[in-house]
Structure formats: C-alpha cells, structure tokens
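# Sharing a model that was predicted from the sequence below.
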Amino acid sequence: MLHSLKGRFTQLALLLCLTGIGFAGASKEESPVKKNLTWWQQQKEASQTTVLLNNGSKAVPIQNLQQSIASLSLGVGQATMFDSLLNKYTTVATLSGESLAKDTLAKGLATYLAPYQTVIVQIPAEELQYLPNLNLLKSLQSQKKLVLAVYGNKELLPLADAVTAPMVWADEETPATAHYVAQLLFGGVGATARLSQTYSTKYQKGQGHSTQATRLKYGVPEELGINSADLQPSIDAIVAEAISQKATPGAVVMVVKNGTVIFNKAYGSHTYDNTRPTQIDDIYDLASLTKTSASTVALMQLYDQKKLDLNAPLGTYIPSVKESNKASLKMKQVLLHESGMPAGVTLPVPAGYAQKQFSEQFKVQASDSLFLSNAYYQEVLWPRMVHSKLNTPGKYVYSDLTMYFMKEIVELQAEASIQDFVQSAFYLPLGMQTAGYLPLTRFDKSRIVPTERDTYFRKTLLQGYVHDGGAAKVGGVAGHAGLFSTANDMAILHQMLLNKGAYGGRQYVKPETVELFTSRQSKVSRRGLGFDRWDPDTSKHYPSQLASSQTYGHTGYTGTCVWVDPKHELVYIFLSNRVHPSVSNKLNTLNIRPRIQDAIYKAIEKSQTVQVKS
C-alpha cells in the first residue's frame, strides 16, 4: 500500500507552510519576463485540462473559512507549493501521510484528522489502485468533508469510481498545476474544463463543473499584459532608496490588479542591524489604517443593519455625551472631520494610574512593564475627550478624536468589543489570518515588525504593542489605531471593498454603502466617510500624481498605506516601520509611497499603450 511511499517516514509530519509565491514577485531576485510568460502559459494550459468532478453539492470552491481545514499529502511532490497557496486563503494545517505501517495508517490518520472538518487530500492518480488508499478516502468522505486533488493520466479515472467527494483532476503534477488546483479549491480561479472523452460509466465525455473566481488570484503581471520589467525594477529602486536613506529599515509592497496579486515583495530588514530579513508575511502596526480597516468597515455593516443614522447626533448613540458639547454633533460631520473637534487632546497619566506590574486593579497593558489602572479610561481619558473644546464646525480639521467616539458607537450598537466585532463580521469569514488587535496574544513576537524605541512613555522598544500612545492607554484596542496585519490580509479586505462589498461568494457590505462611504461626501475637503480620498487640488498629487479621482484609502503614521482605485481595479499596499528606531519624516519627504504608486500606474499605462499599438 502507498506504493511509492514505503519506508520514507515513521510518523506523520505536521507542517505549516507560510512561504511566498516566487512567480508573483516574492523572490529576492527578479523573475525574468520570459519565465513569467512561460508560467502564465502553463497556468492557461492547466485551466484547459484540469476538471472539477463530483461537485453537485457545490462544495468547491470552499466557502466556509471559519472551519478547521487540513491538507493531507499522500506522496505528491508539489505539496509545499500547493499548501502554501492554500494558506493564502485561510489557515490550513498541512499533514503528510508518508507511511505508517500498513495496519496502523488508517488509525494514525484518523487520530491526526479528528480535529478537522474539511480534509483536502493530494494524491497521485496511480495511488488510487491500492485498496488501502481507496478505503481511506471512502472513510474520509463518510466522516469528513473531503476534497480530492488528483494528479495523473485521466485514463486512470475509473479507479475513482467509488469516490463521491468533490475531485479536481489535473493531467500531471507540476508547480503550475499545484498552483492552479490550490487556487481553484478556494475560488482564486474558476473551473471551466470538461472531460474530452468517456472513461467509465461514471465519468463520461462532457462532464465537469464550472465555478467562478470569487477570491484573490495569485499570478504574474504578464497575464494582465503588464511587463514585469516595467514594474519590479522601478519599485525595487524606490524602496532601495528609502532603505539607504534610512527612511525605513524595510517594507512590504503588494499590488493587486483586476483581482490578481501581480506583485508581492519584501525588502530590507526589521531593523537597521539587518539581523532579521523582512518577509512578505510579516505583521505590521497599521496605525491609522485602523480607522478604515476596522472602525469604518464596522460602521458600514452597522449602517446596513439600520443601526446607524448618519444624520443622527452623537448623543443618540453615546449616553455619556448627552450633557456635553458633543451631544448634537452629527455622525456625518464627525466622520468628515468637520464637527469642530480638535486635532487631539493631551492624555496625561496622573500619579497612581500606572504601575510596572499587572494586578487586578491594573489590567490595562501598555507594554511588558507598564500597566494602567482599570479606571483610567473612565476617570481620565474619556472625560478629556468628551469635554474637549470645540472649534467652529464646518471646517476640516483632521482629528483622532473622531474614531474614539466611533469606537464607542460600534461597541454599543454591536453589543460587542470592536476587536470581537470586526473579527466575527469580517476578518475570520474573509480568511484574514493575522489582522486584528493585540498580536502578541496570537503570534510569535519575531513575526511582528518593531516600531519606535519609546523613550518618553513606555521606555522600551515597541514590538507587538501599538505605537500610538493614546491607543496604548486603552490597552491597544482603539478606533483610530491598534490594528496589526500582513499585506495579504489587507489585500483581501480591500479587494472586498473594490468588489462593492462582495468576496468569496458572500456580501459583507451592500454595494451602495461601499459607494456612499468611499466617495467624496464633503464640500470643504476631499474626504469620504471615514476614508481619505484623491485630492481634487491636483498640485498636491495626492495620494499620487497618477491616481484616478475615484481613489480611496488611508495612510498610517508608522509608514503604511492602502489605496484602492476602482477605475483601474487596483489595490496598492505599502507597509513599513518608518518610525524605527525613532520617528523620521524621510518616507514623506522622499515621497516613497506616492512614487511607488505612480510606478505601478506607469507600468499599467505602458502595457495599455502597447496593447493599443498591437
């Protein structure tokens, strides 16, 4: 049994694959255009010959990303490639059934697979001729949600007559087919191929199921007509300048065009001592991207649920402001930064409100050795916000106070903490694996890129603790800051917005709500509701010289940005830690973020010019 696998291992290996996809720009060395074109051709061929069978239940693409999923390799050579792609969409535990003794294989796998609801089995077609393998698959399909990825000559299809589970059959096992099949299972690509002839009574000519692409695809620029030689060298040079000028020790750049990730590359290191190279799956402090990627999307869903009226005053939703000068401020005014709220207020920590150790009365953790009183928020911070002086309303003044109030509204209307609400409403069902608050409770510290060496409040290097001082004083969970994430998770969330609120076959926000919040809503500024936008004063070149007037997104103080351009079906993500080891403004003075954005547009424009000429 397991004919090609005997004797290689004595136990199951549990592996988590978090590697990047080199063909999409994750490699340290530039992939030649010819290599990308070859890869794209291989992908097209895979799409024409890979058939989805037994999918009457429409189990593929896999919809529910909140279930536990395992990928089991039974002797395939491209398991690492396959599993790394699966883990772009959701957390998938990777197992290798590389030969337990014949009589203990099924029992051993049953033990390992017990926690998982869905099991994806990768298997060479010839392995289906061995009865123990078939028995294993029949057992799994009766006990679990089983999905098969089979590689081999379709003449062997009769061996799968007993298989009732959804099955993706590719003619051969190559990096390209493994890449394609993995994406097909999660809706990164659609299935279109049919069996070209009859192979058995069950598998007859013309059979095959069609599916639609509903999630991100991971590809190469060339498949969209963009020459990688016009894209990567320009981005590389700009980021290299940023690092050499000490604007930031490292960065991750991601580009999504037409729903396809065409560029995803990490640069530099976590710190200037170059001891830890930056990886594409590193976790960054997003700073003010929290305002859009947590607070605003939460407000959008609550608005859809008719739990919010944008013309209602704050006092309608926050009882504690009813006797203050904030009571009559309209929701829309506040979101547009036109309510008269000041840019910020000082937030002192009086004596007796902080100590170095955790205790029952000091649970608000700002760093490893700084804990604030449980009473600090209600007795000091919140009153200073509520009773702050107002400026003349109607004038645009960017204010962090906005999202302190919005967080209160989200939590009161959702009847949940903002961190729990965005996790359950967006991040988990979308397959976002890292996005969220308090990353040290969920990930190893080494994955989190450090920010500033705080010499004035926490007096330590900040790594995994929110950089923003105000957010730190509420324990790291705030409406304006506190969110951490990888670039891939930001791509998923913002592709959902670009799709008018839809992703993975599910509608998260109504299309008209996305349009309302992301379009210009102010007569005195460029702002949308919660979102920053393209500036009509073209002399400012904001967010970049070539961005279209439809562009929306936000920047973050730590050196981050996400911009969505519906006209070009583009999502641009830049993550860095420009505040390390201390705050520097060079990222801004060198125009690093907008120049990279313009380099992307230039590559797109050049491809369109070439297409027109041809």
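Great, that's in hand. Source: prediction; values computed, not measured. Numbers count the residues shown, from 1 in each chain.

# burial count for the nearest residue to Val189 once chain neighbours are set aside?
Distance criterion CB to CB, 6 or more residues apart in numbering; nearest residue to Val189, sequence neighbours excluded, is Gln183 at 4.7 Å. (Each C-beta comes from the backbone N, C-alpha and C, glycine too.) Using other CB atoms under 10 Å, Gln183 has 26 other residues around it.

# can you check Ser548 too?
Neighbours around Ser548, by other CB under 10 Å: 12.

# Spell out the secondary structure type for the spatially closest residue to it that is not a sequence neighbour.
Nearest non-adjacent residue to Ser548, counting by CB to CB, 6+ apart: Lys567, 3.9 Å away. Of the three states, Lys567 takes helix according to DSSP: H, G, I helix; E, B strand; the rest coil.

# so Lys567 touches Gln550, yeah?
Yes - checked against CB atoms under 8 Å, the pair Lys567 and Gln550 is within contact range at 4.8 Å.

# In the stretch 51-200 of the chain, where is pLDDT below threshold?
97-108 (pLDDT under 70).

# again, 90 this time
75, 95-114, 131-133, 135-136 (pLDDT under 90).

# Going along the chain, name the strands of it.
Along the stretch 51-200 of the chain, the segments classed as strands by DSSP state E, counting those that start in this stretch run 51-53, 69-73, 92-96, 118-124, 145-151, 167-170.

# between these, which one is nearest to Gly187?
Nearest to Gly187, of all those, is strand 51-53, at 11.7 Å by CB to CB.

# Return the distance of the closest one from the chain's centre.
Offset of strand 51-53 from its chain centre (CA atoms, centre = their mean, to the nearest Å): 29 Å.

# who touches Glu605 in this structure?
Going by CB atoms under 8 Å, 6 or more residues apart in numbering, Glu605 touches Leu546.

# Which helix or strand contains the spatially most central residue of the chain?
The centre of the chain sits closest to Asp489, judged by CA atoms, centre = their mean, with a distance of 0.7 Å. Using DSSP states H and E, Asp489 maps to helix 487-498.

# ok, residues contacting that helix?
Applying CB under 8 Å, 6+ apart, the contact partners of helix 487-498 are 88, 215-216, 252-254, 256, 259, 261, 264, 280-281, 286, 289, 293, 297, 426-427, 430-435, 502-503, 508-509, 514, 518, 553, 562, 564, 566, 569, 571, 573, 575.

# Mind checking which of these are in strands?
Counted as lying in strands by DSSP state E, out of those, are 252-254, 256, 261, 264, 502-503, 553, 562, 564, 571, 573, 575.

# Let's see if you can find the most crowded of those.
Ranking the ones in strands among the contacts of helix 487-498 using other CB under 10 Å puts Leu575 first, with 30 neighbours.

# Surely that one is in contact with Tyr284?
Yes - contact criterion CB under 8 Å: Leu575 and Tyr284 qualify, at 4.2 Å.

# Just give me the residues shared between the contact sets of these two.
Between them, Leu575 and Tyr284 share these contacting residues under CB under 8 Å, 6+ apart: 252, 449, 486, 560.

# can you list these in TSV and add pLDDT and distance to Leu146?
Formatted as TSV, the shared contacts of Leu575 and Tyr284 follow (pLDDT from 0 to 100; distance: CB to CB, whole Å):
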residue	pLDDT	distance to Leu146
Val252	98	36
Val449	98	39
Thr486	98	30
Thr560	98	40
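
# buried subset of those?
By neighbour count, with 16 or more other CB atoms under 10 Å, the shared contacts of Leu575 and Tyr284 hold 252, 449, 486, 560 as buried.

# Can you give me the separation between the second one and Val410?
The reference is to Val449. Using CB to CB, to the nearest Å, Val449 is found at 27 Å from Val410.

# Repeat that for the first one.
Remark: distance between Val252 and Val410 (CB to CB) = 28 Å.

# ok, the nearest residue to Lys326 once chain neighbours are set aside - how many residues close by?
Counting by CB to CB, 6+ apart, Leu314 is the residue found nearest to Lys326 once chain neighbours are left out, at 5.3 Å. Neighbour count of Leu314, defined by other CB under 10 Å: 24.

# Pretty sure Leu314 sits against Gln333.
No - Leu314 is beyond contact range of Gln333, at 9.3 Å (criterion: CB under 8 Å).

# Mind listing the shared neighbours of these two?
With contacts taken as CB under 8 Å, 6+ apart, Leu314 and Gln333 have no neighbour in common.

# where exactly do the strands run in the stretch 351-500 of the chain?
Using DSSP E, counting those that start in this stretch, strands in the stretch 351-500 of the chain cover 354-355, 364-367, 370-372, 453-454, 460-461, 484-485.

# Out of these, which is the most enclosed?
With neighbours taken as mean count of other CB atoms under 10 Å, the strands of the stretch 351-500 of the chain reach their highest mean count in strand 484-485, at a mean of 28.

# for that strand, what is the average pLDDT?
Here strand 484-485 scores 98 as its mean pLDDT.

# what packs against that strand?
strand 284-285 (3 or more CB pairs under 8 Å, 6 or more residues apart in numbering; DSSP states H and E).

# And the contacts of the strand it packs on?
For strand 284-285, the external contacting residues (CB under 8 Å, 6+ apart) are 252, 448-449, 451, 462, 466-467, 484-486, 556, 558, 560, 575-577.

# Skipping adjacent residues, who's closest to Tyr303 in space?
Nearest one to Tyr303, counting by CB to CB, 6+ apart, is Thr513 at 5.8 Å.

# which residues sit in contact with that neighbour?
300, 303-304, 501 are the contacts of Thr513 under CB under 8 Å, 6+ apart.

# Give me the residue ranges of the protein where confidence is low.
In the predicted model, the chain carries pLDDT under 90 at residues 1-32, 75, 95-114, 131-133, 135-136, 607-614.

# if we go to 70?
Short version for the chain, where the test is pLDDT under 70: 1-32, 97-108, 610-614.

# measure Val410 to Ala149 for me?
Val410 is 41 Å from Ala149, by CB to CB.

# burial count for the closest residue to Gly352 other than its chain neighbours?
Excluding its sequence neighbours, the residue lying closest to Gly352 (CB to CB, 6+ apart) is Ser373, at 7.3 Å. Using other CB under 10 Å, Ser373 has 20 neighbouring residues.

# now do Glu512
By other CB under 10 Å, the residues close to Glu512 number 11.

# And for the one 5 residues further on?
A count of nearby residues for Phe517, using other CB under 10 Å, gives 23.

# same check, this time on the one 3 residues further on
The local packing count at Arg520 equals 18, with neighbours defined by other CB under 10 Å.

# for this structure, longest helix please?
Longest helix in the chain by number of residues (criterion: DSSP state H): helix 592-613.

# buried set for that one?
Neighbour-count burial for helix 592-613, counted by 16+ other CB under 10 Å, picks out 592-601, 603-604, 607.

# Ok, stretch 329-336 next?
Buried residues in stretch 329-336, counted by 16+ other CB under 10 Å: 329-336.

# Relative to Lys473, which of these is nearest.
Val334 (21.0 Å).

# what about the closest one, helix or strand, and which?
Per DSSP H and E: Val334 is located in helix 331-335.

# helices or strands next to that helix in the packing?
Going by 3+ CB pairs under 8 Å, 6+ apart, helix 331-335 lies up against helix 314-317, helix 401-414.

# Can you show me the CA trace of the longest one as PDB?
Right, the one you point to is helix 401-414. What follows is helix 401-414, C-alpha atoms only, in PDB (Å, rounded to 0.1, in the frame of the first residue of the first chain):
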ATOM      1  CA  LEU A 401     -10.900  62.000  18.500                       C
ATOM      2  CA  THR A 402     -13.300  61.000  15.700                       C
ATOM      3  CA  MET A 403     -12.600  57.300  16.000                       C
ATOM      4  CA  TYR A 404     -12.600  57.300  19.800                       C
ATOM      5  CA  PHE A 405     -16.200  58.300  19.500                       C
ATOM      6  CA  MET A 406     -16.900  55.900  16.600                       C
ATOM      7  CA  LYS A 407     -15.400  53.000  18.600                       C
ATOM      8  CA  GLU A 408     -17.900  53.800  21.400                       C
ATOM      9  CA  ILE A 409     -20.800  53.700  18.900                       C
ATOM     10  CA  VAL A 410     -19.600  50.500  17.200                       C
ATOM     11  CA  GLU A 411     -19.400  48.700  20.600                       C
ATOM     12  CA  LEU A 412     -22.700  50.000  21.900                       C
ATOM     13  CA  GLN A 413     -24.600  49.200  18.700                       C
ATOM     14  CA  ALA A 414     -22.900  45.800  18.000                       C
END
